[in-house]
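Peer 1: Here is my input; please provide its structure:
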Amino acid sequence: MRPTNFTRRILYWLSVAMGLVLAIVPLPEWLSPVRPDLALLAVIYWILTSPRIAGLGYAWLAGLFLDVLHGMTLGQHALGFVLVAFLTHRAQLRMRMFPILHQAGAVMVLLAVYHFVIFWTDGLTGHGYTGWNRWLPVLSGALLWPLIVAAGDTLTRRSR
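Peer 2: Reported below is the predicted structural model:
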C-alpha cells in the first residue's frame, strides 16, 4: 500500500523534527565541526520525492525552528532553507534522474549554497567565522546523502 499524502506529511515533519533534535544534541568536540545538516537534508529529500508536500513554506518553518533552537539571528537559517528548497524545486525533475553519486554532488552544491548564506549573514551581523572547518558539514552531508535516500526510500516504499 502506497503512503497517502497525510502519511507523507507526517513522515516529513517527523524526519525534519529528528534532524532538528539531532542539530542540538551535544557532540564530542572533535566531531562537532563535521555535524551534517540533517534537517536540511530531510527537506531536500522530501522535495525531491514529494514536491507537492514539501514546499517552500515548510522549508521556511523548519529553518525558523532551527534559528530558534540555535539562538541565531532570526530568519538566518530560514533564508538558507528557503533558498535551497527553491533551487531543489527548480532542479527536482533533473536531480531525480541522476545516479545517487551525482545526486550527492548536487546535494553538496546545495549545502554549499546554504552554508554560504549562513556565512554571509554571520558576516553581516558581526559573528563571522572564517575557518576552513565551517565547510566540513557540506562534505559530511554529501557523504551521508546515499544513506538518507536509502532510509527515506525504505520508509516510503510500497509494501507488497
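
Peer 1: And the lengthiest helix in the chain, what's buried?
Peer 2: Longest helix in the chain by number of residues, with DSSP state H as the criterion: helix 100-125. Applying a neighbour-count criterion of 16 or more other C-beta atoms under 10 Å, one finds 103-104, 106-108, 110-112, 114-115, 117-119, 121-122 buried in helix 100-125. In this view, the C-beta of every residue, glycine as well, is placed from N, C-alpha and C.

Peer 1: what helix or strand is the spatially most central residue of the chain on?
Peer 2: With distances taken as C-alpha atoms, centre = their mean, the chain has L40 as the residue nearest its mean C-alpha position (1.2 Å). Secondary structure from DSSP states H and E places L40 in helix 38-49.

Peer 1: Now do that helix: which elements does it pack against?
Peer 2: helix 5-24, helix 56-70, helix 76-97, helix 100-125, helix 136-156 (3 or more C-beta pairs under 8 Å, 6 or more residues apart in numbering; DSSP states H and E).

Peer 1: For I24, state which of the buried residues of helix 100-125 is nearest.
Peer 2: I118 (15.9 Å; C-beta to C-beta).

Peer 1: Would you check how far apart the closest residue in space to that closest one that isn't next to it in sequence and L101 are?
Peer 2: Excluding the flanking residues, the one nearest I118 by C-beta to C-beta, 6 or more residues apart in numbering is G80, at 5.6 Å. Using C-beta to C-beta, to the nearest Å, we find G80 at a distance of 24 Å from L101.
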